[in-house]
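Sequence first, predicted model second:
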Amino acid sequence: MHFYQYELGKAANILTEELFKLKSGETFVITADTETDPLVVDAVATAAFTIGAKPMVIWTASPLGGQKLADSILPVESLTGALKGADAWLQMNGKSIFYSTPGQVAMNENKKLRLFGFDGATISMMVRCIGRVDYPNLKRFLQGVGDLTNKAKHIRMTNPAGTDVEFDNIPGVNVSIEDGYADEPGIHWLAGQIGWLPDSKSINGVIVFDGSLGPPCGVLSEPICLTMKEGVIVKIEGGAQAREFEQWLNKLNHPQMRKVAHATYGFLPGAKLSGNIAEDERIWGCTVWGFGSTTKESAPSHTDGICLDTSIWLDGKQLTNEGKVVETKLIEFAKKLGEA
């Protein structure tokens, strides 16, 4: 018997019924690799089948790298065909394949497809990050943060590890709010993120990762300091993991890998530092910086680094203080979510 057996079943029901809103007869593809927990996959497939949907689980070998780097080991044509014919796609791969060829072709050509990305989901993550989340209140909170961020022209972020970076927003470019629901065609991820691409040329200062960085490092044993100039990494400082990161970037040898792909807030009750980037980048009060592939810019890979306990100022007004919400309009929602 595995632990959290009852709670896992409830989380799987919430994922399929409340978040995906699967309907009887829909084709529901779950992709997984040899790093994925089969108990989690089976629980979700069972929940989907109980609704009357048609679950199809596709297992592949685990690639050495995610995204485009996975193409060499994926059955590209077969996987592409399956995803092009699906109504809904749950990505539970240990290494993300969203930016792989099958993922990109399917999202571009299958206009009805609903993707939910939950990379490397474990039983504990299912319970904490899906089964025990107050989705209605979380959605209201995230929308409030998103509205304030959309209105901001200038943003500054700091954290105790040494981050101090400033940038401008691009007028008219709205943030993407991940509230966990995957009931409409398009790209959806685990709840608790608000992300966007700022004006790249305006991003200057220092970003210090002190949570995790994936790939290639995982949980960090020491901070990694990035000096940013006009949205590009110009210097990497730190210890052994900083050198590992720089060597990884050099090996990929692509200019987009040193350019900002997105800025992101993390706000998911229950998320904790685990080494799984899908969870780490949703830790309450963190900020995330992505580099590499975007939906518009191709690159060999994509990496995300976590700045814990971030203080955020929107046009000079403070939103969070070392990860705690201080904006008066949002404190009550934070309390309802157990984060104030």
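All right, it came through fine.

residues contacting the closest residue to residue 131 other than its chain neighbours?
Closest residue to residue 131 apart from its sequence neighbours, by C-beta to C-beta, 6 or more residues apart in numbering: residue 11 at 3.2 Å. (Glycine included, C-beta is placed from N, CA and C.) For residue 11, the contact set (C-beta atoms under 8 Å, 6 or more residues apart in numbering) comprises 43, 126, 127, 130, 131.

between these, which is closest to residue 330?
residue 130 (22.6 Å; C-beta to C-beta).

Count residues in the vicinity of residue 38, would you?
12 (other C-beta atoms under 10 Å).

For it, which residues are in contact?
Per C-beta under 8 Å, 6+ apart, neighbours of residue 38: residue 32.

before we move on, what about residue 162?
Contacts of residue 162 by C-beta under 8 Å, 6+ apart are 206, 208, 223, 225.

Among those, give me the pair with the biggest separation.
So, the contacts of residue 162 by C-beta to C-beta: farthest apart are 206 and 223, at 10.6 Å.

Tell me which of these two has more neighbours.
residue 223 (20 against 16).

Grab the nearest non-local neighbour of residue 10.
Closest to residue 10 by C-beta to C-beta, 6+ apart is residue 131, at 5.1 Å.

coming back round to it: now the contacts of residue 162 in TSV, with distance to residue 178 and secondary structure?
Listed next are the contacts of residue 162 as TSV, based on distance: C-beta to C-beta, whole Å; DSSP: H, G, I helix; E, B strand; the rest coil:
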residue	distance to residue 178	secondary structure
206	27	strand
208	24	strand
223	26	coil
225	28	strand
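
Let me know the closest of those to residue 20.
residue 208 (36.9 Å).

Between the contacts of residue 162, which sits nearest residue 320?
Using C-beta to C-beta, the contacts of residue 162 come closest to residue 320 at residue 208, 16.4 Å.

Point out where the stretch 51-200 of the chain drops to low pLDDT.
65-67 (pLDDT under 70).

All the strands of it, in order from the start?
54-60, 88-91, 114-117, 154-158, 164-168, 176-178, 186-189, 193-196 (DSSP state E, counting those that start in this stretch).

Check the offset of the third one from the chain's centre.
The one in question is strand 114-117. The chain centroid and the centroid of strand 114-117 are separated by 12 Å, computed with C-alpha atoms, centre = their mean, to the nearest Å.

ok, now the fifth one?
From the chain centre to the centre of strand 164-168 is a distance of 21 Å (C-alpha atoms, centre = their mean).

how about the helix ranked longest in the chain: buried residues?
Longest helix in the chain by number of residues (criterion: DSSP state H): helix 135-151. Within helix 135-151, the residues scored as buried using 16 or more other C-beta atoms under 10 Å are 137, 138, 139, 140, 141, 142, 144, 145, 146, 148, 149, 150.

by contact count, what packs against that helix?
strand 176-178, strand 193-196, strand 311-314, helix 328-336 (3 or more C-beta pairs under 8 Å, 6 or more residues apart in numbering; DSSP states H and E).

can you tell which of those is closest to residue 154?
Of all the helices and strands packed on helix 135-151, strand 311-314 comes closest under C-beta to C-beta, at 8.0 Å.

how distant is that closest one from the center of its chain?
Per C-alpha atoms, centre = their mean, the centroid offset for strand 311-314 relative to its chain is 21 Å.

Helices of the stretch 1-150 of the chain, residue ranges please.
5-13, 38-51, 76-84, 101-109, 123-126, 135-151 (DSSP state H, counting those that start in this stretch).
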